[in-house]
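# got a predicted structure here, sequence first:
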Amino acid sequence: MSCPAVECSTTCGKHLSLSKIDNGRRAFLRGSLLTRRGRSSEVRRQQPLGPAPPWHRGLPLEKFCLDCAQPCVAACETNIIQLHPADHELAAIPYLDFGESGCTFCKACVTACPIEIQISEPVVNPRIGTAQLNRDTCIAWDDVICMSCHGRCDYQAISTEHQRRAQIDTDRCTGCGMCVGACPVDALSIG
């Protein structure tokens, strides 16, 4: 496929589609893989920044979302649907960012999405993932009274045991992420 510009060749960097660029090779040639920091940055650039919106999981989003206007981002009531940045391997693909809030399972993203997504009615809240607690950074495990995550969990998936230390019930957890933003020391993540 040739570029419509008169002075352009098919290999111009400006008009070449991103799917044809070997980003691993480009990182090597830039020298970013020579340092530990550069390698970890390159690994982060290739991994998803968060899970896909709940009813979009399992769909080939790289096929549907690249040429989409992403109405799911604007429709999200809690503003947790974000897009991977342009320099990321998954650029323009939506993900859930639990930094400030979590998913309320309102289905606004499904209503706004131009893809016809079939939702089976018995599934009220699909499982996004499971909350994971890092006991090394959790202040409750360091004998400080903190129940921030416990108070934010609408599904009673976080209980407090022995001296108010947080415990996660993986059977009850939907991975909504409400607890992640509530934690004052970033000890929770959705895996």
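Good, I have the coordinates. Every value quoted in this text rests on a predicted model; they were computed, and no experiment measured them.
# going forward, measure contacts and count neighbours with C-alpha atoms only.
OK.
# strands of this protein, residue ranges please.
Secondary structure of the chain by DSSP state E: the strands cover 81-83, 94-96, 131-133, 158-161, 165-168, 188-190.
# of those strands, flag the one that's most buried.
strand 94-96 (a mean of 24; mean count of other Cα atoms under 10 Å).
# that one - contacts with which helices or strands?
Packing partners of strand 94-96 (3 or more Cα pairs under 8 Å, 6 or more residues apart in numbering; DSSP states H and E): strand 81-83.
# strand partners (parallel or antiparallel) of the strand it packs on?
Neighbouring strands of strand 81-83 in its sheet, by DSSP bridges, are strand 94-96 (antiparallel).
# show residues contacting the partner strand.
48-53, 65, 70, 73, 80-84 (Cα atoms under 8 Å, 6 or more residues apart in numbering).
# if you set the cut-off to 10 Å instead, what comes out?
Residues from elsewhere that reach strand 94-96 (Cα atoms under 10 Å, 6 or more residues apart in numbering): 48-54, 56, 61-62, 65-66, 70, 72-73, 79-85, 102-103, 128, 176-177.
# can you give me the offset of that strand from its chain's centre?
4 Å (Cα atoms, centre = their mean, to the nearest Å).
# just stretch 90-102 next, same as before
Stretch 90-102 sits 4 Å away from the centroid of its parent chain (Cα atoms, centre = their mean).
# just the terminal-to-terminal distance for that stretch.
The straight-line separation of the ends of stretch 90-102 (Cα to Cα, to the nearest Å) is 22 Å.
# repeat that for stretch 66-75.
Start and end residues of stretch 66-75 are separated by 18 Å (Cα to Cα).
# averaged pLDDT, it. What do you get?
Across stretch 66-75, pLDDT averages out at 88.
# now, the contacts of strand 94-96 that are in helices?
Taking DSSP state H, the ones among the contacts of strand 94-96 that sit in helices are 61, 62, 72, 73.
# farthest-apart pair in the residues you listed, please.
62 and 73 (15.9 Å; Cα to Cα).
# flag the shaky bits of the protein, pLDDT-wise.
1-45, 117-124, 163 (pLDDT under 70).
# care to break it down by domain?
Domain assignment of the chain by automatic domain parsing yields the ranges 1-46, 49-126, 131-190.
# contacts only, for the residue sitting nearest the centre point of the chain.
Centroid-nearest residue in the chain: residue 50, 1.6 Å away (criterion: Cα atoms, centre = their mean). For residue 50, the contacting residues are 81, 82, 83, 84, 94, 95, 96, 97, 98, 189, 190, 191, by Cα under 10 Å, 6+ apart.
# of these, which is the nearest to residue 135?
Nearest to residue 135 out of the contacts of residue 50 is residue 189 (Cα to Cα; 11.8 Å).
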